[in-house]
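**Student:** okay, here's the prediction I keep looking at, along with the sequence it came from:
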Amino acid sequence: GTGMAPFFRSRLPAPGPEWREPSLDALRRFFLDPAAWLLRERLRLDLGWRDEDLQDDEPLVAERPDVRALSTRLLNAWPEVEPGFDPADLAHAGSELPTGAIGDAVLRRLWPDLKALSGTIRDAMRDPPLAPRAWRQEFSIASEPWALHGTWHDLRAWGRLRWQAAPFAPRDLLGNWIEHLALCVAPPPGVEPRTRLLAPGVELSFQPVDDARGTLAELLGWMRLGHCEPLPFFPRTSWTYVDAGYRLATARPVWSGGGRDRPGESARPSNRIAWRGIADPLGERFDAVARSVFDPLRRHLVSGGSTA
């Protein structure tokens with residue numbers, strides 16, 4: 001609460017050279033929860049939880065966690081099953097569905113989109129993937145030498161394919177956007193810098209980004225700041241703010257929550273600790289970071305092949 005003493009009473013020193021060469025995955029994980037990154041990585045605090053334990057993110061189209069788990073299992077099993085199999089047999093082999101007519105009704109609703117998605121994935125993956133390729137790009141951030149590095153896997157000449165069995169949440173789009181920017185900056189020879197995103201009933205894509213290097217540099221600059229103090233970036237709240245035309249009144253309930261059954265991002269354990277004693281994190285810097293991260297993403301996100 002605001003009556004408590006702030007957890008961070010002053011800024012931490014700027015990150016030293018050992019922090020200035022993050023992997024692409026580290027940059028992605030930072031933006032998914034900047035407070036957790038600051039506490040766990042910079043301060044080496046044992047937070048007592050894993051990120052995957054905290055299912056506080058809502059997809060753009062709501063779906064129950066057990067239904068998402070069933071969809072993922074069915075989609076992953078699809079290439080291994082025999083033609084003409086009964087999906088009910090596979091579905092009821094797990095524990096996600098209730099038995100009887102209710103479970104059968106859920107499966108009937110899910111199966112057509114999952115079947116169509118599996119066919120789209122199979123068609124897209126007919127082209128053989130290229131061999132893994134390591135890459136590294138250097139940047140100057142606040143007059144300091146920084147570098148970003150990673151290894152490309154499963155690229156094809158037309159770009160990247162990423163799919164999931166659940167609708168896309170802001171965190172999903174953000175993680176794929178950061179990887180897409182890196183592909184635009186460091187594409188292997190002969191690879192087009194495009195990303196296809198597939199989920200049941202929808203296809204999205206990220207188009208080539210002209211100033212991908214400058215956009216990545218901005219993200220690294222925010223990461224540098226987030227090593228020194230809590231960065232007011234919260235994927236769901238920030239997305240809602242930008243998506244609603246920069247209206248705080250729309251974003252604030254996503255931050256504060258709607259009661260016990262609908263906790264806001266402020267209830268996330270990392271945010272409760274890092275933002276302790278701060279009256280309102282949704283100020284001018286919140287606005288600046290949200291625009292910097294999500295405005296370019298939204299400009300380059302194209303809906304293609306949507307059946308939603």
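**Tutor:** Everything's here; your move. Numbers count the residues shown, from 1 in each chain.
**Student:** just the residues contacting stretch 244-262, thanks.
**Tutor:** Residues from elsewhere that reach stretch 244-262 (Cβ atoms under 8 Å, 6 or more residues apart in numbering): 234, 236-238, 240-241, 263-267, 281-282, 287, 290-291. Where you see a C-beta, it was placed from the backbone N, CA and C, and this is true even at glycine.
**Student:** and that stretch, which residues are buried?
**Tutor:** By neighbour count on 16 or more other Cβ atoms under 10 Å, the buried set for stretch 244-262 is Leu248, Ala251, Arg252, Val254, Trp255.
**Student:** quick one on the thing from earlier: write the ChimeraX selection for whichever of the contacts of stretch 244-262 are buried.
**Tutor:** One line in ChimeraX is enough to select the buried members of the contacts of stretch 244-262, burial here meaning 16+ other Cβ under 10 Å:
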select :234,236,237,238,240,241,264,265,266,281,282,287,290
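**Student:** which residue ranges of this protein form strands?
**Tutor:** 133-141, 144-152, 160-163, 195-199, 202-206, 301-303 (DSSP state E).
**Student:** thinking again about what came up before, among the contacts of stretch 244-262, show me the least confident.
**Tutor:** Across the contacts of stretch 244-262, the bottom pLDDT score, 84, is held by Pro263.
**Student:** so how far is Leu181 from the nearest residue to that residue once chain neighbours are set aside?
**Tutor:** In this structure, Pro263 finds its nearest non-sequential neighbour in Gly257, 4.6 Å apart by Cβ to Cβ, 6 or more residues apart in numbering. Between Gly257 and Leu181 the distance is 31 Å, computed by Cβ to Cβ, to the nearest Å.
**Student:** same question for Phe294.
**Tutor:** Distance check for Phe294 against Leu181: by Cβ to Cβ, it reads 13 Å.
**Student:** so those two - more neighbours on which side?
**Tutor:** Leu181 (28 against 23; other Cβ atoms under 10 Å).
**Student:** wait, that one sits on Ala217?
**Tutor:** No: assessed by Cβ atoms under 8 Å, Leu181 is found out of contact with Ala217, at 10.0 Å.
**Student:** circling back: any idea how far the residue nearest to Pro263 is from Arg268?
**Tutor:** Gly257 sits 10 Å away from Arg268, going by Cβ to Cβ.
**Student:** rounded mean pLDDT for stretch 36-45, please.
**Tutor:** In this model, stretch 36-45 has a mean pLDDT of 93.
**Student:** okay, it in PDB with CA atoms only?
**Tutor:** The C-alpha coordinates for stretch 36-45 follow below in PDB (Å, rounded to 0.1, in the frame of the first residue of the first chain):
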ATOM      1  CA  ALA A  36      10.500  -9.500 -11.400                       C
ATOM      2  CA  TRP A  37      13.600  -9.100 -13.500                       C
ATOM      3  CA  LEU A  38      14.900  -6.300 -11.300                       C
ATOM      4  CA  LEU A  39      14.200  -8.200  -8.100                       C
ATOM      5  CA  ARG A  40      15.400 -11.600  -9.300                       C
ATOM      6  CA  GLU A  41      18.200 -10.800 -11.700                       C
ATOM      7  CA  ARG A  42      19.700  -7.600 -10.400                       C
ATOM      8  CA  LEU A  43      19.100  -8.000  -6.700                       C
ATOM      9  CA  ARG A  44      19.300 -11.800  -6.700                       C
ATOM     10  CA  LEU A  45      16.200 -12.100  -4.600                       C
END
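**Student:** if I pick Pro208, what's in contact with it?
**Tutor:** Listed by Cβ under 8 Å, 6+ apart, the contact partners of Pro208 are Cys184, Glu192, Pro193, Arg194.
**Student:** among the residues you listed, who's most crowded?
**Tutor:** Most neighbours among those, by other Cβ under 10 Å: Cys184, with 22 neighbours.
**Student:** end-to-end on stretch 26-46?
**Tutor:** By Cα to Cα, to the nearest Å, the extent of stretch 26-46 from end to end equals 18 Å.
**Student:** next one: stretch 125-132
**Tutor:** In terms of Cα to Cα, the two terminal residues of stretch 125-132 are separated by 16 Å.
**Student:** and the angle from the longest helix along the chain to strand 195-199?
**Tutor:** Ordering each helix of the chain by length in residues (DSSP state H) puts helix 101-124 first. Interaxial angle, helix 101-124 versus strand 195-199 (axes from the mean of the first three to the mean of the last three Cα atoms, to 10 degrees): 160 degrees.
**Student:** helices and strands around helix 101-124, which ones?
**Tutor:** Applying 3 or more Cβ pairs under 8 Å, 6 or more residues apart in numbering; DSSP states H and E, we find helix 101-124 packed against helix 65-77, helix 87-92, strand 160-163, strand 195-199.
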